[in-house]
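# Sequence and predicted structure, then a few things I'm wondering about:
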Amino acid sequence: MHVVEQHYFQELLGLEELLLFNNRITRMESKSLSGLTNLRKAYLSLNRLTDFPFFSIQEHSHPFLSTLDLSSNRMLKLPLEDIAALPMSVQKGLFLHNNTLICECGMYSMFRHWERRNFSSITDFREEHTCLVYGERRASVRFFRHTRFFENCTIRAQGLLAEPEESLQAFAGDAVLMNCHTSLQGRPINYWWISPRQEYIIPPGNNSTLRMFPNGSLEIREAQVEDSGVYLCMAQDRRLLRNETWEVNVTVQLRRSEAESFNTGLTTLLGCVVSLVLVLMYLYLTPCRCPCRKQLPAAPSPANECSAQSSILTATPPATTEGPGRKASNNKHVVFLEPIKEAQNGRLRVALGPEHSKMQQLRGETDSITSVFSDTPIVP
């Protein structure tokens with residue numbers, strides 16, 4: 001097959017995929033794909049095509065077309081105006097790599113624009129997009145690597161290909177009105193929008209939040225932060241079979257008071273969580289000291305609580321029974337003290353009355369006291 005004539009597919013109205021790759025096709029007639037209204041993918045790579053009837057691909061004629069593979073052919077130049085008029089869904093899936101294209105600023109501008117919008121036709125085959133400097137086959141360069149050859153080029157040369165853009169900023173809750181600017185005049189002109197979530201919007205709008213007017217303007221009644229993004233307007237003149245697009249980049253921000261109240265609420269919530277964690281740690285992670293404490297002696301009887309017995313021995317040493325070699329010192333005092341125990345706050349403490357001041361004085365004189373004996377242990 002060398003030529004694809006217009007009557008080849010007239011009866012295949014339900015055809016969705018056209019596989020004509022790796023043939024020797026040199027030409028396609030202008031209306032060869034016009035009858036394929038359900039066509040979704042067309043693969044024409046690895047042929048000998050030098051041009052292609054891009055003007056025959058329109059939104060109303062091919063509403064489902066998303067992939068048009070023309071890679072690895074012999075195209076020297078591209079009709080930039082016809083490609084710019086293609087529906088955006090077709091531009092995203094238009095593959096033109098590995099052709100013998102002659103380097104031009106307009107073509108470079110188109111590929112750069114597609115790269116900025118992350119079209120899969122560019123991102124998946126970045127290194128395969130080449131062109132010939134001055135048409136010389138031995139002077140092949142890569143569009144996205146050898147940028148020095150395009151330093152004098154102006155992006156969006158001659159206003160072709162890339163859609164004009166507009167930026168709007170608004171606060172949450174405000175109404176946002178987006179106009180669809182186009183050079184198309186007269187009637188009938190059809191307008192529709194594509195939202196950042198790839199949702200098609202046609203008059204009178206999709207729901208209570210979006211309203212579309214007959215002149216193509218789109219209004220967001222109460223903008224929210226999630227409404228931010230790029231909105232694409234497309235205008236179509238069915239009589240002249242022309243399309244134009246317009247982009248509006250919308251940024252919705254929270255008001256400062258709302259942002260501050262949000263920060264205050266977050267801080268309060270964080271403080272509550274930290275306090276709760278500290279309380280739980282105090283209740284469940286504090287070590288229990290009860291098993292570690294020594295058993296306190298039984299509380300004394302009430303009769304003994306108010307008495308204190310003490311004995312102070314004079315310098316006369318007592319008789320010793322430990323042996324003849326043992327001798328007691330004559331200048332040593334031995335004090336036997338039974339402290340008074342009182343209960344305070346659930347604990348026992350030692351209390352001495354004022355009459356025991358002499359005992360306290362003797363106790364402080366450590367050089368003259370040998371030992372202190374007590375039948376009951378003293379609890380600090």
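Great, that's in hand.
# any weak-confidence spans in the stretch 201-350 of the chain?
Judged against pLDDT under 70, the low-scoring parts of the stretch 201-350 of the chain cover residues 238, 240-243, 257-264, 286-350.
# if you go through the stretch 1-150 of the chain in chain order, where are the helices?
80-84, 88-92, 105-116, 120-123 (DSSP state H, counting those that start in this stretch).
# any chance of those helices in TSV, plus distance to residue 44?
Using the backbone N, CA and C atoms, a C-beta is placed for each residue, glycine as well. Conversion of these to TSV gives the following (distance: least, Cβ to Cβ, whole Å):
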stretch	distance to residue 44
helix 80-84	15
helix 88-92	13
helix 105-116	19
helix 120-123	14
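# which of those sits most buried?
Comparing the helices of the stretch 1-150 of the chain on average neighbours per residue, with mean count of other Cβ atoms under 10 Å, the densest one is helix 105-116 at a mean of 20.
# Output it as CSV - backbone C-alpha positions only.
Output in CSV follows, covering the C-alpha atoms of helix 105-116 (Å, rounded to 0.1, in the frame of the first residue of the first chain):
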residue,chain,number,x,y,z
CYS,A,105,11.9,28.4,15.4
GLY,A,106,8.2,27.8,15.1
MET,A,107,8.6,24.1,15.4
TYR,A,108,11.0,24.5,18.4
SER,A,109,8.4,26.8,20.0
MET,A,110,5.7,24.2,19.6
PHE,A,111,7.8,21.4,21.1
ARG,A,112,8.9,23.6,24.0
HIS,A,113,5.3,24.4,24.7
TRP,A,114,4.3,20.7,24.7
GLU,A,115,7.2,20.0,27.0
ARG,A,116,6.1,22.6,29.5
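# For it, name the packing helices and strands.
helix 80-84, helix 120-123 (3 or more Cβ pairs under 8 Å, 6 or more residues apart in numbering; DSSP states H and E).
# what does the average pLDDT come to for the longest one?
Put plainly, it is helix 80-84. The average pLDDT within helix 80-84 is 86.
# what does the shortest one give?
In this model, helix 120-123 carries a mean pLDDT of 90.
# contact partners of it?
Residues outside helix 120-123 that contact it (Cβ atoms under 8 Å, 6 or more residues apart in numbering) are 92, 93, 94, 95, 96, 97, 111, 114, 115, 129.
# circling back to that earlier point, need the helices and strands packed on helix 105-116 in CSV with distance to residue 138, can you?
Compiled in CSV, the helices and strands packed on helix 105-116 are given as follows (distance: least, Cβ to Cβ, whole Å):
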stretch, distance to residue 138
helix 80-84, 26
helix 120-123, 25
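# List just the one of those helices that sits closest to residue 53.
The closest of the helices and strands packed on helix 105-116 to residue 53 is helix 80-84. By Cβ to Cβ, the value is 8.3 Å.
# for this structure, what's the longest strand?
Counting residues, the longest strand in the chain under DSSP state E turns out to be strand 242-253.
# mind checking the SS state of residue 231?
Under DSSP: H, G, I helix; E, B strand; the rest coil, the three-state class of residue 231 is strand.
# Just give the nearest non-adjacent residue to it, would you?
The shortest distance from residue 231 to any residue other than its chain neighbours is 4.7 Å, reached at residue 248 (Cβ to Cβ, 6 or more residues apart in numbering).
# Please report how far that neighbour lies from residue 14.
Distance of residue 248 to residue 14, given as Cβ to Cβ, to the nearest Å: 37 Å.
# Residue 122 now?
Noted for residue 122: a distance of 32 Å to residue 14, by Cβ to Cβ.
# circling back: to residue 176, which of the helices and strands packed on helix 105-116 lies closest?
Of all these, it is helix 80-84 that lies closest to residue 176, at 27.2 Å by Cβ to Cβ.
# In terms of secondary structure, what does the closest one contact?
Contact analysis of helix 80-84 by 3+ Cβ pairs under 8 Å, 6+ apart lists helix 105-116 as its packing neighbours.
# Go again with 10 Å.
Using 3 or more Cβ pairs under 10 Å, 6 or more residues apart in numbering; DSSP states H and E, the elements in contact with helix 80-84 are helix 88-92, helix 105-116, strand 242-253.
# those strands in the stretch 51-200 of the chain, which residues are they?
Counting by DSSP state E, counting those that start in this stretch, residue ranges of the strands within the stretch 51-200 of the chain are 67-69, 94-95, 130-132, 140-142, 165-171, 176-178, 189-194, 200-201.
# Tell me which of the ones you listed is the most buried.
When those are scored by mean count of other Cβ under 10 Å, the highest mean neighbour count falls to strand 94-95 (a mean of 24).
# which neighbours does it have in its sheet, and in what orientation?
strand 67-69 (parallel) (DSSP bridges).
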